[in-house]
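Trainee: Provide a 3D model corresponding to the input given below.
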Amino acid sequence: MVWEPRTRITLPAMSQEQKMEAREQFLANVWGESKSQWPDLGEPPQAEFVKFGDAAGGDQLLADCYTEAGYPAAVSPQGGVEFPGGVQASPQFAIVEYTCNARFTPDPLMLRDWNADQLGLLYDYRVEWLIPCLETFGLSPKAGPERVSDGLCKGWLLIRKQTH
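Mentor: Next comes the predicted model:
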């Protein structure tokens with residue numbers, strides 16, 4: 001069974017300048033979090049920007065970068081990067097984390113808050129496909145509130161603002 005949305009959505013584009021501004025803010029947040037743990041870190045290291053990581057391969061770029069820097073990493077099946085042997089938080093790791101994110105910054109298009117069209121599409125997927133699918137396995141998920149006209153799905157979906 002495959003779900004097809006009734007409507008297609010198109011995300012607003014970002015200029016390269018807007019992406020680079022978002023990148024600078026993202027990196028400032030990454031470094032700021034590290035500085036809050038280790039105030040003596042000083043200025044962030046210089047790192048050459050290589051490319052924006054996208055949904056298709058960005059996690060692999062980061063995992064490879066961490067591994068090359070001495071922190072064996074793999075792409076998590078749930079998305080993101082995981083460290084099979086674990087990682088001890090340290091100033092050295094903070095420098096590697098910043099450097100890898102500076103080289104292969106997640107595409108700012110993937111870091112934006114979801115808009116009303118995206119939330120509406122997620123709601124439609126949930127009520128048209130996910131809930132009926134779960135019910136075929138004998139599960140009884142709550143239907144949740146009605147979909148409101150502006151596309152927002154209030155009450156069952158919490159969107160966390162991306163801060164890094």
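
Trainee: Show me where this protein dips below the pLDDT cut-off.
Mentor: For the chain, the stretches flagged by pLDDT under 70 are 1, 143, 145, 148-164.

Trainee: Report the spatially closest residue to Tyr125, excluding sequence-adjacent ones.
Mentor: In space, and not counting its chain neighbours, Tyr125 is closest to Trp3: 6.1 Å by CB to CB, 6 or more residues apart in numbering. Yep, even glycine has a C-beta here, placed from its N, CA and C like the rest.

Trainee: For stretch 43-51, buried residues please.
Mentor: Neighbour counts over stretch 43-51 (16 or more other CB atoms under 10 Å) mark Pro44, Ala47 as buried.

Trainee: coming back round to it: what helix or strand is the residue nearest to Tyr125 located in?
Mentor: Per DSSP states H and E, Trp3 falls between elements, in no helix or strand.

Trainee: That one reaches Val127, doesn't it?
Mentor: No. At 10.7 Å, Trp3 and Val127 do not qualify as touching, with contact defined as CB atoms under 8 Å.

Trainee: More neighbours: the two, which one.
Mentor: Val127 (16 against 11; other CB atoms under 10 Å).

Trainee: Run a quick check on the more buried one versus Lys142, I expect a contact.
Mentor: No. Using CB under 8 Å, Val127 is not in contact with Lys142, being 10.9 Å away.

Trainee: what sits against the residue nearest to Tyr125?
Mentor: Tyr125, Glu128, Trp129 (CB atoms under 8 Å, 6 or more residues apart in numbering).

Trainee: switch to 10 Å and redo it
Mentor: Residues in contact with Trp3, defined by CB atoms under 10 Å, 6 or more residues apart in numbering, are Asp124, Tyr125, Glu128, Trp129, Leu130, Pro132, Cys133.

Trainee: Tell me which of the residues you listed fall in helices.
Mentor: Of the positions in the contacts of Trp3, Asp124, Tyr125, Pro132, Cys133 sit in helices, assigned by DSSP state H.
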